[in-house]
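Enquirer: Give me the fold of what follows.
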Amino acid sequence: MHSLNQVNKLVSCGRDPARSLPLRRGFLLIPLILVCFAFAPAMHAQLNPPPDGCYPNLTTAEGCFALFSLTGGHGNSAFGADALFSTTDGSFNTALGAVALGFNTTGGLNTAIGVSSGLLNDTGNNNTYTGAGTGTFNTSGRDNAAFGSLALLNNTGDENTAVGSGALENHTILMSSGAVVDANVAVGTNALFNDVHGFSNNAYGNSAMFANHIAANNTACGDLALAGNDANSSGNGNNNAAFGAQALVGNVNGSENTAVGTGAGGNLTDGFNNTYVGDFVGTDAADEDSTIRIGDISNGNGAGSLQCYIGGIFNNPQPVGGTVFAVTLDTSNDHLGIDMAAGSPNAPHRSAPQPRGRPAVGHQAMLTPQVLHQVVVNNKVEKLEATVAQQQKQIETLTTQLREQAAQIEKVSAQVELIKPAPRVVENR
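Expert: Prediction:
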């Protein structure tokens with residue numbers, strides 16, 4: 001062990017002769033010095049016997065068969081029975097918990113905390129799992145983060161973030177090989193729980209986007225926001241934005257809808273291109289398209305907003321050369337529109353926009369709902385078959401381990417028999 005004076009000398013070597021090195025910077029250099037010692041074993045003798053769990057290349061292992069297969073790699077730490085059991089050349093992995101990252105072989109920069117967290121990770125990199133069962137079935141997915149029991153349980157995709165028990169639990173991977181990454185974010189218990197192949201979805205809140213299967217590019221913020229979106233796996237409920245508890249809660253196939261306020265847009269199931277602002281706006285309205293409702297009487301209490309103030313209108317004359325239209329208000333339903341009779345005969349007209357299906361992935365063509373449904377079914381079958389195969393592999397591995405342990409016990413027993421002293425005969429005199 002180096003004395004404090006030796007460390008101080010090492011810290012202060014290279015200081016400016018004109019002034020002393022600040023104490024704070026000196027302390028920051030101490031970890032760097034320790035790392036240098038770790039990579040330069042020739043500079044000092046290794047402790048004999050070495051500290052418990054200390055191995056070459058900055059490796060630490062504690063627990064039955066932890067890091068059992070390691071042949072190379074650096075900076076791995078395994079704590080728990082079978083933690084990082086299959087890792088051979090992976091580096092900078094940290095596993096804490098029984099069979100955490102148990103089947104990881106060459107994947108690196110992974111962190112798994114919790115029983116069976118990251119269990120089947122094989123070659124995936126830069127994954128962080130915290131919680132029992134998080135990321136269990138990931139094999140090669142990268143840059144995923146899961147916090148909460150069973151979060152990202154079945155995921156094999158990339159760049160997903162799940163925070164909360166059951167968040168993105170059933171998500172697997174995009175259907176199209178080589179497509180853009182999944183990039184889903186789920187924060188809240190059971191957020192995006194049933195999502196299988198969706199991508200670029202953001203769900204914040206308890207059970208937000210709970211039923212979504214394959215729809216994409218949605219944002220839900222609030223408990224149960226967009227909870228029923230894409231519940232039929234049609235892939236049509238895309239590009240929606242819901243802010244507020246139960247906002248757009250019943251939407252299934254609708255797209256391009258924006259709802260701001262608790263319960264806003266609760267009337268929509270298949271409507272598209274709607275904008276609702278205000279708590280419970282749309283409650284008494286029919287499923288509709290291309291409609292803007294801001295605090296109107298459709299909020300369920302029949303009153304709506306009693307006054308309306310919009311800045312930037314007063315003292316702003318019509319631009320020179322512009323066309324003047326008469327704006328009317330139907331006081332029975334707060335419907336605002338243009339009086340075509342009082343305006344120009346050249347009043348603008350445009351056709352209503354059409355609802356959109358699921359956005360294309362990468363450069364691949366749009367798939368029909370029937371094909372998407374069949375792919376989902378096929379994927380579920382493949383996932384079940386893969387699960388059975390993985391469980392069989394686990395059983396075979398455990399059986400092999402038991403046999404090895406039995407052989408070791410027999411070997412130790414034989415050695416004990418060899419060194420056992422011969423019985424002595426005591427004579428009675």
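Enquirer: Quickly list what the residue nearest the centre of the chain is bridged to.
Expert: What sits nearest the mean C-alpha location of the chain, by Cα atoms, centre = their mean, is T161, with 2.0 Å. Note on T161: beta-bridge partners by DSSP bridges are A145, V185.
Enquirer: Quick check: it touching V181?
Expert: No - under the criterion of Cβ atoms under 8 Å, T161 makes no contact with V181, lying 11.8 Å away. C-betas here are computed from N, CA, C, even on glycine.
Enquirer: which stretches of the stretch 301-429 of the chain have low pLDDT?
Expert: Residues of the stretch 301-429 of the chain meeting the criterion pLDDT under 70: 319-323, 340-352, 360-384, 386-388, 390-391, 394, 398, 412, 415-429.
Enquirer: one more time with 80
Expert: Counting by pLDDT under 80, the stretch 301-429 of the chain contains low-confidence ranges at 316-327, 329, 331-334, 336-429.
Enquirer: for the stretch 151-300 of the chain, same thing?
Expert: Along the stretch 151-300 of the chain, the parts satisfying pLDDT under 80 run over 173-181.
Enquirer: thinking again about what came up before, for the residue nearest to the centre of the chain, give its distance to A208.
Expert: Look at T161 and A208: by Cβ to Cβ, to the nearest Å, they are 14 Å apart.
Enquirer: Need the overlap of contacts for those two.
Expert: By Cβ atoms under 8 Å, 6 or more residues apart in numbering, T161 and A208 have these common neighbours: A186.
Enquirer: which residues in the stretch 101-250 of the chain form strands?
Expert: Assigned by DSSP state E, counting those that start in this stretch, the strands in the stretch 101-250 of the chain fall at 111-113, 128-130, 145-147, 161-163, 185-187, 202-204, 219-221, 241-243.
Enquirer: So what are the sheet partners of the second one and their directions?
Expert: Taking DSSP bridges as the criterion, strand 128-130 pairs within the sheet with strand 111-113 (parallel), strand 145-147 (parallel).
Enquirer: Which residues does that strand contact?
Expert: 100, 110-114, 117-118, 135, 144-148, 152.
Enquirer: farthest pair in the residues you listed?
Expert: Distance extremes for those: the farthest pair is N110 and G148 at 17.5 Å, using Cβ to Cβ.
Enquirer: Tell me which of these two has more neighbours.
Expert: N110 (30 against 27; other Cβ atoms under 10 Å).
Enquirer: got the contact list for that one?
Expert: N110 neighbours (Cβ under 8 Å, 6+ apart): 90, 93-95, 101, 104, 118, 121, 124-129.
Enquirer: From L84, how far off is it?
Expert: Distance from N110 to L84, by Cβ to Cβ: 9 Å.
Enquirer: intersection of neighbour lists for the two?
Expert: Common neighbours of N110 and L84, counting by Cβ under 8 Å, 6+ apart, are 90, 93, 95, 101, 104.
Enquirer: who wins for neighbours among these?
Expert: Within the shared contacts of N110 and L84, most neighbours by other Cβ under 10 Å means L101, with 37 neighbours.
Enquirer: Let me see the contact set for that residue.
Expert: L101 makes contact with 78, 83-84, 87, 93, 95, 107, 110, 112, 117-119, 121 under the criterion Cβ under 8 Å, 6+ apart.
Enquirer: Regarding Y276, which helix or strand does it belong to?
Expert: For Y276, the element it lies in under DSSP states H and E is strand 275-277.
Enquirer: which strands and helices sit next to that strand?
Expert: Packing partners of strand 275-277 (3 or more Cβ pairs under 8 Å, 6 or more residues apart in numbering; DSSP states H and E): strand 258-260, strand 292-294.
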